[in-house]
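> Quick one, structure for this:
(one chain, ligands or ions: 2)
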Amino acid sequence: MRTIPITVRPLTEQAFAPFGDVVSVEGAERRLINNGSTERFHDLAGIDVSEGGGRAIVSLFRGQPFAPPVVVAMMERHPLGSQLFYPLSGRPFLVVVAPDEAGRPGEPLAFLCPPGTGVNYARNTWHHPLLSLEAVSDFLVIDREGPGNNLEEREYPDVRYRIDAVAP
Ligand SMILES: NC(=O)N[C@@H](O)C(=O)O
Ligand code: NI
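Ligands and ions are numbered 1, 2, ... in the order given. Model (predicted):
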């Protein structure tokens, strides 16, 4: 089995745009509300879950940490809905996505998501299941509940991708 090392890149809106949204107060529309006592960082991500009669649900994921080398053997996607992860534990986490190549995931791209920044995978975007780092970490997750199969998983048939260092 071939193993290909991949490097971790900094997460930017531009680099992540083909795969979804970066969820951050940086650059967000800021509204001062509640008589000036509260800042509202407005409309941070596009929640796309209505396909096939779906509805948005809010969950909490408590992820076990991964340590390098992280081996990427498979990817998954949710054909019927977007999926948002927002970190609650003040730690970075690893985000791995891939372009679609004729219905299969292509070579993955790895991003380091800094503390206080999340991602919203666009509907039908190949991504690796949650990869927490350093310690058990909690995430607020917004995704879809509803009829139909919303999970497609694909193992890379003859290659593994390896992340040796998580710092970009
Ligand atoms: N299966 C599930 O709810 N989680 C995955 O979709 C994931 O991206 O972690
Ligand atoms: Ni997922």
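> ok, residue 19 touching residue 120?
No. Using C-beta atoms under 8 Å, residue 19 makes no contact with residue 120, being 9.3 Å away. Backbone N, C-alpha and C define where each C-beta goes, glycine included.
> which of these two has more neighbours?
Under the neighbour definition other C-beta atoms under 10 Å, residue 19 and residue 120 were set side by side, and residue 120 has more, 23 against 20.
> Surely the more buried one forms part of a helix?
No. Checked against DSSP: H, G, I helix; E, B strand; the rest coil, residue 120 lies outside a helix; its state is strand.
> how near is it to residue 64?
In this view, residue 120 and residue 64 are 22 Å apart by C-beta to C-beta, to the nearest Å.
> what's near enough to touch residue 2?
When contacts are counted by C-beta atoms under 8 Å, 6 or more residues apart in numbering, residue 2 touches 158, 159, 160.
> Okay, and the beta partners of it?
On the basis of DSSP bridges, residue 2 takes part in beta bridges with residue 159.
> For it, report the pLDDT, please.
Per-residue pLDDT puts residue 2 at 97.
> pretty sure residue 115 is touching residue 86, no?
No. The criterion here is C-beta under 8 Å, and residue 115 misses it with residue 86 at 11.1 Å.
> Compare the two and say which is more crowded by neighbours.
Using other C-beta under 10 Å as the criterion, residue 115 and residue 86 rank with residue 86 on top: 19 against 11.
> and the spatially most central residue of the chain, how far is that from ligand 1?
Geometric centre of the chain, nearest residue: residue 119, 4.7 Å, by C-alpha atoms, centre = their mean. When distance is defined by C-beta to the nearest ligand atom, to the nearest Å, residue 119 is 10 Å away from ligand 1.
> got the contact list for the residue nearest to residue 83 when sequence neighbours are not counted?
Using C-beta to C-beta, 6 or more residues apart in numbering and skipping the chain neighbours, the partner closest in space to residue 83 is residue 143 (4.1 Å). By C-beta under 8 Å, 6+ apart, the contact set of residue 143 is 49, 56, 57, 59, 78, 81, 82, 83, 84.
> How about the helix or strand hosting residue 143 and ligand 1, any contact?
For residue 143, the host element (DSSP states H and E) is strand 137-145. No. Strand 137-145 lies out of reach of ligand 1 by C-beta under 6 Å from any ligand atom, never closer than 7.0 Å.
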